[in-house]
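Peer 1: Prediction below, plus the sequence it came from.
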Amino acid sequence: MNKKRLLIIDDDPRNIFALVNTLRAKSYDCLSCLSAEEAIKILSTNEVIDAVLIDMMMPEMDGYDAIPLIKKIPERKETFIIAVTAQAMTGDKEKCLEAGADDYISKPVDVDKLLLSLSKI
């Protein structure tokens, strides 16, 4: 089985650290970046990325603005995107899915739910 490669986008390095360590222990290959702008640059290359986990609330460009831009990249139209948010307010899941996310997970991240979501890629 080939390792699935994930791009984790979060403006908080502590969140990235926790997710990367958890996912690497489950045999995922992880890349990370601290902004949506940097993520779009990475995703615009031929870099193999099987799924994206994106924090929805980031300064400058949030996930709601970034997801449609990611999906506009021809090679990324079908890339599986998981919205990750600490908000967890009524309607957040629907708003994330409307923005183009394929799934939604609230913080603190439930590892079992995350792994279930990643089993779809």
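Peer 2: Structure's in. What do you need? Residues are numbered from 1 along each chain as shown.
Peer 1: where exactly do the helices run in this protein?
Peer 2: Along the chain, the segments classed as helices by DSSP state H run 13-25, 36-43, 63-72, 92-99, 111-118.
Peer 1: Can you flag the weakest of the ones you listed by average pLDDT?
Peer 2: Note on the helices of the chain: lowest mean pLDDT is at helix 92-99, with a mean of 92.
Peer 1: what helices or strands is it leaning on?
Peer 2: Helix 92-99 makes packing contacts with helix 63-72, strand 80-85, strand 103-106 when contacts are defined by 3 or more C-beta pairs under 8 Å, 6 or more residues apart in numbering; DSSP states H and E. Yep, even glycine has a C-beta here, placed from its N, CA and C like the rest.
Peer 1: what's the spacing between residue 91 and residue 3?
Peer 2: Applying C-beta to C-beta, to the nearest Å, one obtains 35 Å for the distance of residue 91 from residue 3.
Peer 1: Deepest-packed of the helices and strands packed on helix 92-99, please.
Peer 2: Mean neighbour counts were compared across those using mean count of other C-beta atoms under 10 Å; the top stretch is strand 80-85, at a mean of 23.
Peer 1: And residue 107, how far from residue 4?
Peer 2: When distance is defined by C-beta to C-beta, residue 107 is 22 Å away from residue 4.
Peer 1: and what of residue 33?
Peer 2: Between residue 33 and residue 4 the computed distance is 18 Å (C-beta to C-beta).
Peer 1: Residue 47 now?
Peer 2: The span separating residue 47 from residue 4 equals 13 Å under the rule C-beta to C-beta.
Peer 1: Which one's more surrounded, the two?
Peer 2: With other C-beta atoms under 10 Å as the criterion, residue 47 and residue 4 differ in neighbour count, and residue 4 comes out ahead with 19 against 12.
Peer 1: show me the contacts for the closest residue to that one other than its chain neighbours.
Peer 2: With C-beta to C-beta, 6 or more residues apart in numbering as the measure, residue 50 is the residue that lies nearest to residue 4, at 4.3 Å, once sequence neighbours are left out. With contacts defined as C-beta atoms under 8 Å, 6 or more residues apart in numbering, residue 50 is in contact with 4, 5, 6, 79, 80, 121.
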